[in-house]
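Undergrad: Quick check, what structure comes out for this input:
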Amino acid sequence: MGLVLLLTMGSTAPLSAAEYYPMDWSEAVTVDKDDIGMNFTIDFSGKAGGDYTNKLSAAGDFTFTGVTNAGRTFNFDYSLTNTSSRTSRIRAFGFDTSGTLDSLNATGAFTWEYKDVAFPEQVGTMDACFAAGSGCTNHASGGVTRNNTGSGSFALTFATAMESVDLERFSLKFVGLSQNINGQNWGVGLGSIGAITAGAGPGDPITAPEPATWLMMILGFGLIGYRQRKQDDIRGQFSFLTRASLHIRRGERARTKDWGTHTLGDRRGGIVGHEPTAGRTEQDAATGARLRGLLPLQPRGG
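TA: Okay, here's the model as predicted:
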(Lines give C-alpha, C1' and ligand atoms only; values in the text may rest on other atoms or scores of the structure.)
Protein backbone atom coordinates (compact mmCIF):
# COMPACT_ATOMS: atom_id res chain seq x y z
CA MET A 1 0.00 0.00 0.00
CA GLY A 2 2.82 2.36 0.82
CA LEU A 3 4.46 1.66 -2.55
CA VAL A 4 1.18 2.20 -4.41
CA LEU A 5 0.58 5.48 -2.55
CA LEU A 6 4.11 6.65 -3.35
CA LEU A 7 3.68 5.88 -7.06
CA THR A 8 0.32 7.62 -7.12
CA MET A 9 1.69 10.71 -5.45
CA GLY A 10 4.63 10.73 -7.85
CA SER A 11 2.38 10.49 -10.93
CA THR A 12 0.17 13.39 -9.83
CA ALA A 13 2.90 15.73 -8.66
CA PRO A 14 3.37 18.76 -10.93
CA LEU A 15 6.50 19.04 -13.01
CA SER A 16 9.11 21.44 -11.72
CA ALA A 17 9.61 24.67 -13.62
CA ALA A 18 12.88 23.48 -15.14
CA GLU A 19 11.21 20.36 -16.58
CA TYR A 20 8.65 22.17 -18.75
CA TYR A 21 8.77 21.18 -22.43
CA PRO A 22 6.01 20.39 -24.94
CA MET A 23 5.41 16.65 -25.21
CA ASP A 24 6.39 16.53 -28.89
CA TRP A 25 9.20 19.06 -28.76
CA SER A 26 11.77 16.41 -29.68
CA GLU A 27 9.71 14.84 -32.46
CA ALA A 28 11.22 15.25 -35.92
CA VAL A 29 9.85 16.30 -39.29
CA THR A 30 11.40 14.13 -42.01
CA VAL A 31 11.90 15.88 -45.34
CA ASP A 32 12.62 13.64 -48.34
CA LYS A 33 14.66 15.16 -51.16
CA ASP A 34 11.90 14.36 -53.70
CA ASP A 35 9.00 15.73 -51.63
CA ILE A 36 9.06 19.17 -53.24
CA GLY A 37 6.35 21.45 -51.89
CA MET A 38 6.06 19.67 -48.54
CA ASN A 39 4.63 22.04 -45.93
CA PHE A 40 4.56 21.83 -42.15
CA THR A 41 3.57 24.15 -39.32
CA ILE A 42 5.11 24.67 -35.88
CA ASP A 43 3.29 26.07 -32.84
CA PHE A 44 5.62 27.77 -30.32
CA SER A 45 4.72 27.87 -26.63
CA GLY A 46 6.42 30.41 -24.35
CA LYS A 47 8.84 29.68 -21.54
CA ALA A 48 10.49 32.28 -19.30
CA GLY A 49 12.33 32.03 -16.02
CA GLY A 50 12.20 28.23 -16.27
CA ASP A 51 8.40 28.07 -16.37
CA TYR A 52 5.60 27.99 -18.91
CA THR A 53 3.88 31.23 -19.92
CA ASN A 54 0.93 31.78 -22.27
CA LYS A 55 1.96 35.42 -22.74
CA LEU A 56 4.56 34.43 -25.33
CA SER A 57 3.67 32.43 -28.44
CA ALA A 58 4.34 32.21 -32.16
CA ALA A 59 3.29 30.28 -35.27
CA GLY A 60 5.72 29.02 -37.89
CA ASP A 61 5.08 27.88 -41.45
CA PHE A 62 7.74 26.06 -43.50
CA THR A 63 7.76 24.80 -47.10
CA PHE A 64 10.42 22.61 -48.70
CA THR A 65 11.29 24.01 -52.15
CA GLY A 66 13.77 21.39 -53.36
CA VAL A 67 17.42 20.36 -53.38
CA THR A 68 20.35 21.95 -55.19
CA ASN A 69 24.13 21.61 -55.19
CA ALA A 70 24.08 17.94 -56.28
CA GLY A 71 21.77 16.94 -53.44
CA ARG A 72 23.74 18.63 -50.68
CA THR A 73 21.56 21.71 -50.17
CA PHE A 74 17.98 21.58 -48.88
CA ASN A 75 16.00 24.78 -49.47
CA PHE A 76 13.02 26.10 -47.50
CA ASP A 77 10.65 29.05 -47.36
CA TYR A 78 9.59 30.19 -43.90
CA SER A 79 7.25 32.60 -42.15
CA LEU A 80 7.06 33.34 -38.42
CA THR A 81 4.14 35.19 -36.83
CA ASN A 82 4.46 36.69 -33.34
CA THR A 83 1.15 35.80 -31.63
CA SER A 84 2.21 36.86 -28.12
CA SER A 85 -0.21 38.75 -25.88
CA ARG A 86 2.67 40.88 -24.55
CA THR A 87 4.79 43.33 -26.49
CA SER A 88 7.83 41.37 -27.67
CA ARG A 89 10.09 40.63 -30.62
CA ILE A 90 11.12 37.31 -32.14
CA ARG A 91 14.87 37.80 -32.39
CA ALA A 92 15.96 34.36 -33.68
CA PHE A 93 14.81 30.82 -34.41
CA GLY A 94 16.57 27.51 -34.90
CA PHE A 95 16.44 23.71 -34.78
CA ASP A 96 18.49 20.54 -34.83
CA THR A 97 18.98 18.52 -37.99
CA SER A 98 20.35 15.17 -39.09
CA GLY A 99 23.54 15.06 -41.10
CA THR A 100 26.62 17.23 -40.80
CA LEU A 101 25.97 20.87 -41.71
CA ASP A 102 28.59 22.48 -43.91
CA SER A 103 27.04 25.95 -44.25
CA LEU A 104 23.83 27.99 -43.88
CA ASN A 105 22.24 30.78 -45.89
CA ALA A 106 19.11 32.85 -45.30
CA THR A 107 17.07 35.74 -46.72
CA GLY A 108 14.22 37.88 -45.44
CA ALA A 109 13.52 38.70 -41.80
CA PHE A 110 16.34 36.53 -40.39
CA THR A 111 19.53 36.88 -42.42
CA TRP A 112 22.21 36.15 -39.86
CA GLU A 113 23.20 32.45 -39.80
CA TYR A 114 24.89 30.55 -37.01
CA LYS A 115 25.83 26.92 -36.40
CA ASP A 116 26.02 25.15 -33.03
CA VAL A 117 24.47 27.89 -30.89
CA ALA A 118 23.86 27.43 -27.14
CA PHE A 119 20.24 28.47 -26.47
CA PRO A 120 18.91 29.41 -22.99
CA GLU A 121 16.09 27.86 -20.92
CA GLN A 122 17.77 24.45 -21.13
CA VAL A 123 17.15 24.22 -24.87
CA GLY A 124 20.79 23.34 -25.34
CA THR A 125 22.92 23.60 -28.46
CA MET A 126 21.01 24.01 -31.72
CA ASP A 127 22.56 22.90 -35.00
CA ALA A 128 21.17 25.83 -37.01
CA CYS A 129 20.10 29.30 -35.90
CA PHE A 130 18.87 32.30 -37.94
CA ALA A 131 18.77 35.77 -36.36
CA ALA A 132 17.42 39.22 -37.17
CA GLY A 133 20.73 40.80 -36.21
CA SER A 134 24.23 40.03 -35.04
CA GLY A 135 24.28 37.29 -32.43
CA CYS A 136 21.66 34.58 -32.24
CA THR A 137 20.95 35.06 -28.51
CA ASN A 138 21.70 38.78 -28.14
CA HIS A 139 19.11 41.11 -26.66
CA ALA A 140 19.62 43.65 -29.41
CA SER A 141 17.23 45.50 -31.72
CA GLY A 142 15.45 43.93 -34.66
CA GLY A 143 13.03 41.06 -34.96
CA VAL A 144 9.36 40.37 -35.60
CA THR A 145 7.09 42.37 -33.31
CA ARG A 146 3.74 41.28 -31.84
CA ASN A 147 0.96 40.62 -34.38
CA ASN A 148 3.42 40.79 -37.28
CA THR A 149 4.98 38.18 -39.59
CA GLY A 150 8.52 37.82 -40.83
CA SER A 151 9.23 35.65 -43.86
CA GLY A 152 12.03 34.61 -46.17
CA SER A 153 14.01 31.51 -47.13
CA PHE A 154 16.90 29.51 -45.78
CA ALA A 155 19.22 26.83 -47.13
CA LEU A 156 20.92 23.97 -45.31
CA THR A 157 24.07 22.69 -47.02
CA PHE A 158 25.40 19.36 -45.79
CA ALA A 159 28.85 17.82 -46.09
CA THR A 160 27.46 15.08 -48.35
CA ALA A 161 24.38 14.53 -50.50
CA MET A 162 21.33 13.60 -48.42
CA GLU A 163 18.34 11.43 -49.32
CA SER A 164 16.34 13.00 -46.48
CA VAL A 165 16.84 15.19 -43.43
CA ASP A 166 15.20 15.32 -39.99
CA LEU A 167 14.34 18.67 -38.43
CA GLU A 168 13.53 18.73 -34.70
CA ARG A 169 13.61 20.73 -31.42
CA PHE A 170 12.36 23.92 -33.05
CA SER A 171 12.97 26.91 -30.76
CA LEU A 172 13.00 30.70 -30.92
CA LYS A 173 14.12 33.65 -28.80
CA PHE A 174 11.80 36.42 -27.55
CA VAL A 175 13.32 39.76 -26.48
CA GLY A 176 12.11 43.27 -25.69
CA LEU A 177 9.22 42.30 -23.40
CA SER A 178 7.26 45.34 -22.20
CA GLN A 179 6.71 43.69 -18.82
CA ASN A 180 8.77 41.08 -17.09
CA ILE A 181 7.47 37.52 -17.24
CA ASN A 182 8.58 35.28 -14.40
CA GLY A 183 11.12 37.94 -13.53
CA GLN A 184 12.64 38.24 -17.03
CA ASN A 185 12.29 40.58 -19.99
CA TRP A 186 13.02 37.81 -22.48
CA GLY A 187 12.00 34.22 -23.09
CA VAL A 188 11.97 31.36 -25.56
CA GLY A 189 9.41 29.53 -27.64
CA LEU A 190 9.42 25.73 -27.81
CA GLY A 191 7.93 24.23 -30.95
CA SER A 192 5.28 21.55 -31.36
CA ILE A 193 4.71 20.04 -34.80
CA GLY A 194 1.34 20.97 -36.26
CA ALA A 195 -0.03 20.01 -39.67
CA ILE A 196 2.17 18.28 -42.27
CA THR A 197 1.19 18.32 -45.95
CA ALA A 198 3.05 16.18 -48.49
CA GLY A 199 4.43 17.83 -51.59
CA ALA A 200 3.87 17.09 -55.26
CA GLY A 201 7.03 15.00 -55.50
CA PRO A 202 9.65 15.08 -58.29
CA GLY A 203 7.06 15.12 -61.11
CA ASP A 204 4.58 17.75 -62.16
CA PRO A 205 1.22 17.76 -60.37
CA ILE A 206 -1.72 16.24 -62.27
CA THR A 207 -3.91 18.96 -63.75
CA ALA A 208 -6.92 19.09 -66.08
CA PRO A 209 -6.04 19.42 -69.80
CA GLU A 210 -6.35 22.79 -71.51
CA PRO A 211 -9.35 23.31 -73.88
CA ALA A 212 -7.07 23.08 -76.92
CA THR A 213 -5.70 19.79 -75.60
CA TRP A 214 -9.24 18.47 -75.15
CA LEU A 215 -10.02 19.41 -78.79
CA MET A 216 -6.93 17.63 -80.09
CA MET A 217 -7.78 14.55 -78.02
CA ILE A 218 -11.36 14.47 -79.37
CA LEU A 219 -10.18 14.89 -82.98
CA GLY A 220 -7.58 12.18 -82.45
CA PHE A 221 -10.13 9.72 -81.07
CA GLY A 222 -12.49 10.57 -83.93
CA LEU A 223 -9.79 9.89 -86.54
CA ILE A 224 -8.94 6.59 -84.89
CA GLY A 225 -12.62 5.61 -84.91
CA TYR A 226 -13.02 6.62 -88.58
CA ARG A 227 -10.00 4.60 -89.66
CA GLN A 228 -11.24 1.63 -87.67
CA ARG A 229 -14.64 1.79 -89.40
CA LYS A 230 -12.99 2.03 -92.83
CA GLN A 231 -10.89 -1.04 -92.05
CA ASP A 232 -13.99 -2.88 -90.88
CA ASP A 233 -15.80 -1.97 -94.16
CA ILE A 234 -12.86 -3.19 -96.24
CA ARG A 235 -12.75 -6.43 -94.28
CA GLY A 236 -16.50 -6.83 -94.77
CA GLN A 237 -16.28 -6.27 -98.53
CA PHE A 238 -13.36 -8.64 -98.87
CA SER A 239 -15.20 -11.25 -96.83
CA PHE A 240 -18.31 -10.85 -99.02
CA LEU A 241 -16.32 -11.20 -102.23
CA THR A 242 -14.52 -14.21 -100.82
CA ARG A 243 -17.79 -15.88 -99.95
CA ALA A 244 -19.18 -15.02 -103.41
CA SER A 245 -16.11 -16.47 -105.08
CA LEU A 246 -16.45 -19.68 -103.11
CA HIS A 247 -20.14 -19.83 -104.00
CA ILE A 248 -19.37 -19.51 -107.71
CA ARG A 249 -16.65 -22.15 -107.55
CA ARG A 250 -18.99 -24.52 -105.86
CA GLY A 251 -21.55 -23.75 -108.57
CA GLU A 252 -18.99 -24.49 -111.23
CA ARG A 253 -18.17 -27.80 -109.66
CA ALA A 254 -21.86 -28.64 -109.48
CA ARG A 255 -22.89 -27.34 -112.89
CA THR A 256 -21.55 -26.83 -116.37
CA LYS A 257 -22.72 -24.00 -118.54
CA ASP A 258 -22.98 -24.07 -122.31
CA TRP A 259 -22.93 -20.41 -123.31
CA GLY A 260 -23.71 -21.29 -126.90
CA THR A 261 -26.91 -23.30 -126.34
CA HIS A 262 -27.74 -21.88 -122.87
CA THR A 263 -28.06 -25.29 -121.23
CA LEU A 264 -27.33 -26.32 -117.65
CA GLY A 265 -25.91 -29.68 -116.69
CA ASP A 266 -25.10 -31.55 -113.51
CA ARG A 267 -21.80 -33.40 -113.48
CA ARG A 268 -22.92 -35.55 -110.61
CA GLY A 269 -26.17 -36.74 -112.21
CA GLY A 270 -25.75 -36.04 -115.91
CA ILE A 271 -27.84 -33.62 -117.97
CA VAL A 272 -30.95 -32.60 -116.13
CA GLY A 273 -32.40 -30.08 -118.51
CA HIS A 274 -32.15 -28.30 -121.84
CA GLU A 275 -33.72 -24.93 -121.79
CA PRO A 276 -32.75 -21.52 -123.08
CA THR A 277 -31.83 -18.82 -120.62
CA ALA A 278 -35.02 -16.94 -121.33
CA GLY A 279 -37.00 -20.01 -120.23
CA ARG A 280 -35.37 -20.42 -116.80
CA THR A 281 -37.22 -19.79 -113.67
CA GLU A 282 -36.97 -16.26 -112.29
CA GLN A 283 -34.93 -17.47 -109.30
CA ASP A 284 -32.24 -19.09 -111.51
CA ALA A 285 -32.05 -16.00 -113.69
CA ALA A 286 -31.65 -13.67 -110.73
CA THR A 287 -28.99 -15.85 -109.14
CA GLY A 288 -27.02 -16.09 -112.34
CA ALA A 289 -27.15 -12.33 -112.83
CA ARG A 290 -25.84 -11.66 -109.33
CA LEU A 291 -22.97 -14.11 -109.68
CA ARG A 292 -21.97 -12.82 -113.09
CA GLY A 293 -21.95 -9.29 -111.73
CA LEU A 294 -19.64 -10.15 -108.83
CA LEU A 295 -17.06 -12.39 -110.53
CA PRO A 296 -17.63 -12.94 -114.28
CA LEU A 297 -16.80 -16.41 -115.51
CA GLN A 298 -15.07 -17.32 -118.70
CA PRO A 299 -17.47 -19.34 -120.88
CA ARG A 300 -16.55 -22.94 -121.43
CA GLY A 301 -16.29 -24.26 -124.95
CA GLY A 302 -17.91 -27.40 -126.45
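Undergrad: And Gly220, which helix or strand is it part of?
TA: helix 211-254 (DSSP states H and E).
Undergrad: same check, this time on Gly46
TA: strand 39-48.
Undergrad: Please identify the pairing partners of that strand and their relative orientation?
TA: Partner strands and pairing direction for strand 39-48 (DSSP bridges) are strand 51-68 (antiparallel), strand 187-197 (antiparallel).
Undergrad: okay, these in TSV with distance to Cys129, mean neighbour count and mean pLDDT next?
TA: (Glycine included, C-beta is placed from N, CA and C.) Below are the strands paired with strand 39-48 laid out as TSV (distance: least, CB to CB, whole Å; neighbours: other CB atoms under 10 Å; pLDDT from 0 to 100):
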stretch	distance to Cys129	mean neighbour count	mean pLDDT
strand 51-68	14	18	96
strand 187-197	12	19	94
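Undergrad: Switch these over to TSV; also include distance to Cys136.
TA: Below are these laid out as TSV (distance: least, CB to CB, whole Å):
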stretch	distance to Cys136
strand 51-68	16
strand 187-197	12
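Undergrad: so which of these comes closest to Thr81?
TA: strand 51-68 (4.7 Å; CB to CB).
Undergrad: quick one, helices of this structure?
TA: 2-12, 211-254, 282-294 (DSSP state H).
Undergrad: dump the residue contacts of Asp32.
TA: Neighbouring residues of Asp32 by CB atoms under 8 Å, 6 or more residues apart in numbering: 38, 163-164.
Undergrad: Mark which of the residues you listed are buried, thanks.
TA: Met38 (16 or more other CB atoms under 10 Å).
Undergrad: Which of the contacts of Asp32 sits closest to Ala109?
TA: When these are compared against Ala109 (criterion: CB to CB), the nearest one is Met38, at 21.6 Å.
Undergrad: Roughly how far does the closest residue to that closest one other than its chain neighbours sit from Phe40?
TA: Distance criterion CB to CB, 6 or more residues apart in numbering; nearest residue to Met38, sequence neighbours excluded, is Gly199 at 4.0 Å. Counting by CB to CB, to the nearest Å, the separation of Gly199 from Phe40 is 10 Å.
Undergrad: What of Gly201?
TA: On the measure of CB to CB, Gly201 and Phe40 end up 16 Å apart.
Undergrad: between the two, which one's more packed in?
TA: Phe40 (20 against 13; other CB atoms under 10 Å).
Undergrad: Next up, the contacts around Phe62.
TA: By CB under 8 Å, 6+ apart, the contact set of Phe62 is 39-42, 76-78.
Undergrad: Do I have it right that Asp127 meets Phe119?
TA: No. The pair Asp127 / Phe119 is not scored as a contact, 11.0 Å apart, by CB atoms under 8 Å.
Undergrad: Find residues that contact each of those two.
TA: Gly94.
Undergrad: how many other residues sit next to His139?
TA: There are 12 residues near His139, going by other CB under 10 Å.
Undergrad: State the distance from the residue nearest to it when sequence neighbours are not counted to Phe110.
TA: Closest residue to His139 in three dimensions, ignoring its sequence neighbours and counting by CB to CB, 6+ apart: Val175, at 4.8 Å. Val175 sits at a distance of 13 Å from Phe110 (criterion: CB to CB).
Undergrad: Neighbour count for the two, which is higher?
TA: Using other CB under 10 Å as the criterion, Val175 and Phe110 rank with Phe110 on top: 28 against 20.
Undergrad: Give me the pLDDT for the closest residue to the more buried one other than its chain neighbours.
TA: Of all residues not flanking Phe110 in the chain, Phe130 sits nearest, at 3.9 Å (CB to CB, 6+ apart). Confidence at Phe130, expressed as pLDDT, is 98.
Undergrad: Assess the claim that Phe130 and Glu113 are in contact.
TA: Yes. Counting by CB under 8 Å, Phe130 does reach Glu113; the two are 5.8 Å apart.
Undergrad: between these two, what contacts are shared?
TA: In contact with both Phe130 and Glu113: 104, 106, 154, using CB under 8 Å, 6+ apart.
Undergrad: Tell me which entries of the residues you listed lie within strands.
TA: 104, 106, 154 (DSSP state E).
Undergrad: Any chance of those in JSON lines with neighbour count, pLDDT and distance to Asp61 as columns?
TA: Listed next are those as JSON lines, based on neighbours: other CB atoms under 10 Å; pLDDT from 0 to 100; distance: CB to CB, whole Å:
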{"residue": "Leu104", "neighbour count": "18", "pLDDT": "97", "distance to Asp61": "19"}
{"residue": "Ala106", "neighbour count": "20", "pLDDT": "97", "distance to Asp61": "16"}
{"residue": "Phe154", "neighbour count": "21", "pLDDT": "98", "distance to Asp61": "13"}
